[in-house]
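**Student:** here's my sequence, what's the structure:
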Amino acid sequence: MEARPDADYQRILLILLAPIGDTLFATPAIRALRQAYPRATIGAVTWDSNRAVLENNPDVDELLVHPSGRDWWRTPGFLQGVRAQRFDLAVHFAPFHDYYRLLTGIREHLRMPVPWLFWLLPHRNRRWRLKHARDHYLQVLRPLGLTPADNRPVLKISGQQEAFAASYLTQNGHRPGDLLVGIHAGGSGFRGAKRWSPKGFAWVARELGREAHVRLVFFGDGGDRELAGAVVEAGVPDGFINTCGRVSLSGAIGLLSRLNLFIGNDSGPLHLAAALDVPAVGIYGPTNVMNFHPLGEYARVVFGPVACPANHGFVGNRPLWDWRRCSGECLDSVDPADVLSTARDLLTEVGRAEADSAPASDRRAAASR
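**Tutor:** From the prediction side, this is the model:
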C-alpha cells in the first residue's frame, strides 16, 4: 500500500543500501520527512560502507547496518530483527529494493518514481532525464505532498571527528600555514572509468605549490593507494599524507572538513567535501554532470571538450541493454590548466568571503600588515 498524506506515521524505515554520494543526495528528503513527522522514530538501513554519512545526522534516530561480505549469512536474523521493530512506513531510495518491505512486514511504503519498464525503454522526458539525483530522491516524498524548504545536503561533524582530524594531521606533519589540499585520484564506479590521469593531479599540485606551501592529503580506500602513489611519482610538492585504506570513512569525513581545497573525480569524497562547504573541484568524464554534480556553495566541475559516448546518468536515462563503454577520451581531454584555474578562482572567492565576514577591526589589522 502506498503511503498516505493523512497518516500519522510513528516508525519510519529508510532503505539506503546505496553508495556514499547517493546516500548524501538523499539527506534533503530525510530532513523533509523529519520536519513532517517530528515525533516519529526514523531508522535507516545502510551498508557498513555508507553508514558514516548518516552517523551524526540529526534526522535519523537509529542506523541498522545490513550484513554484507563475510557476514552475509546473518541476513535472515537481521531481517527478523527489523521485522520485530514493527515499522509502519518503508521509504525506498532505490527502485531495486521494493522487496524489503515484504521481508520486514512493513505494510505501507514510498518508492522512487521511475519510468515504467525503465530497464527496457529509455525515458523520453528530457527534463526528467536532466534532473539531479537529489531531486529524484525528493520525488520519493511526492505522495505525502511534501515541499522541502531546504534542498541542501546534510552532513554533520562530531567533536570526536574534529579531534581525530586535528591529531592525525599534526602527527603526519601538517603545519599551520600549509595549504591543505585533498586529492582523490580513485573511484571504483564503472570499473575505474571515472579516474582522471595521476599526471594531471600532480601537475595541478605542483602549480599550486609555486604559490604556497602545499601539503597533499590523499583520500580513498585501500585500492586507491597505488593511484595516490602514481600521483606522487609524477612529482608533487614536498610533504603529503596518504590516508587511502588507513582511516575509516568517519575519520575521512573529519579530515575533509579541515581542507582548504579538494580536487577529485566524481566519487564519494568529492560529494562529501562539497557538502562540508570545502572548496571542491570535481573532474567529470563518463557521468552526467546534470545528474551528479556536487552540491555545495564552493563546488565546481571541470570537464573536457570531448563528449563521452557512455554519459552514464541516473536510473531510467538509458535502458540496461543500451550499455555504452567509455573510451577514456573524455577524461583525456580535460585540460589540467582548467582544473588549476578553477581551483585558484575558488580559493580567491573563499578568501574574499572570509575577509568580508571578518569583523571590521580584523580587516583593518590585516590591511595594515
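
**Student:** could you use CA atoms for every contact and neighbour count after this?
**Tutor:** Noted.

**Student:** and the gap between residue 331 and residue 249?
**Tutor:** 27 Å (C-alpha to C-alpha, to the nearest Å).

**Student:** more crowded one of those two?
**Tutor:** It is residue 331, of residue 331 and residue 249, that has more neighbours when counted by other C-alpha atoms under 10 Å, with 26 against 21.

**Student:** the helix ranked longest in the chain: how far from the chain's middle?
**Tutor:** Counting by DSSP state H, the longest helix found in the chain is helix 336-357. Taking C-alpha atoms, centre = their mean, to the nearest Å, the mean C-alpha location of helix 336-357 is offset from the chain mean by 21 Å.

**Student:** low-confidence regions, the protein specifically.
**Tutor:** Within the chain, the set of residues satisfying pLDDT under 70 comprises 116-126, 316-323, 358-369.

**Student:** just the strands in it please.
**Tutor:** Taking DSSP state E, the strands of the chain run over residues 11-16, 41-46, 62-65, 89-92, 108-110, 179-184, 214-218, 240-242, 261-265, 280-284, 299-303.

**Student:** pull the residues that contact the longest helix of the chain.
**Tutor:** Counting contacts by C-alpha atoms under 8 Å, 6 or more residues apart in numbering, the residues outside helix 336-357 that touch it are 200-201, 203-204, 207-208, 260-261, 279-281, 283, 298, 300, 302, 363.

**Student:** so which of these is the most crowded?
**Tutor:** Using other C-alpha under 10 Å as the neighbour criterion, residue 280 leads the contacts of helix 336-357 with 34 neighbours.

**Student:** that one against residue 260, yeah?
**Tutor:** No. Applying C-alpha atoms under 8 Å, one finds residue 280 not in contact with residue 260, separated by 9.0 Å.

**Student:** need the overlap of contacts for these two.
**Tutor:** When contacts are counted by C-alpha under 8 Å, 6+ apart, residue 280 and residue 260 have no shared neighbour.

**Student:** care to break this structure down by domain?
**Tutor:** Domain assignment for the chain by automatic domain parsing gives 11-144, 159-363.

**Student:** Serialize those to CSV and add fields for distance to residue 152.
**Tutor:** Rendered in CSV, the data for those read as follows (distance: least, C-alpha to C-alpha, whole Å):
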stretch, distance to residue 152
domain 11-144, 6
domain 159-363, 7
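
**Student:** nearest to residue 3, out of the ones you listed?
**Tutor:** Residue 3 lies closest, by C-alpha to C-alpha, to one member of the domains of the chain: domain 11-144, at 5.3 Å.

**Student:** show me which positions of the longest helix of the chain end up buried.
**Tutor:** By neighbour count on 16 or more other C-alpha atoms under 10 Å, the buried set for helix 336-357 is 336, 339-340, 342-343, 346-347, 350.

**Student:** again with stretch 69-87
**Tutor:** Under the neighbour-count rule (16+ other C-alpha under 10 Å), stretch 69-87 has 78-79, 82-83, 86-87 buried.

**Student:** tell me the one of those nearest residue 223?
**Tutor:** residue 78 (29.2 Å).

**Student:** next, the contact list for the closest one, please.
**Tutor:** Applying C-alpha under 8 Å, 6+ apart, one finds that residue 78 lies in contact with 66-67.

**Student:** next one: it from residue 67, what distance?
**Tutor:** From residue 78 to residue 67 the distance is 8 Å (C-alpha to C-alpha).

**Student:** quick one: residues contacting residue 310.
**Tutor:** Applying C-alpha under 8 Å, 6+ apart, we find residue 310 in contact with 286-287, 323-326.

**Student:** that should have said residue 194, apologies.
**Tutor:** Counting by C-alpha under 8 Å, 6+ apart, residue 194 touches 186-188, 265-266, 284-287, 331.

**Student:** turn those into CSV, columns for distance to residue 153.
**Tutor:** Output for the contacts of residue 194, formatted as CSV (distance: C-alpha to C-alpha, whole Å):
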residue, distance to residue 153
186, 23
187, 21
188, 23
265, 19
266, 16
284, 20
285, 23
286, 24
287, 20
331, 27
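
**Student:** ok, of the residues you listed, which one's closest to residue 97?
**Tutor:** Distances from the contacts of residue 194 to residue 97 were compared by C-alpha to C-alpha; the smallest belongs to residue 188, at 22.2 Å.

**Student:** coming back round to it: tell me the angle the longest helix of the chain makes with strand 280-284.
**Tutor:** Here helix 336-357 runs at 160 degrees with respect to strand 280-284, directions being taken by axes from the mean of the first three to the mean of the last three C-alpha atoms, to 10 degrees.

**Student:** break down the stretch 151-300 of the chain into its helices, ranges please.
**Tutor:** Along the stretch 151-300 of the chain, counting by DSSP state H, counting those that start in this stretch, helices occupy 159-171, 189-192, 198-209, 225-233, 249-256, 268-275, 289-292.

**Student:** in the fourth one, what's buried?
**Tutor:** Burial within helix 225-233, assessed by neighbour count using 16+ other C-alpha under 10 Å, is assigned to 225, 227-228, 230-232.
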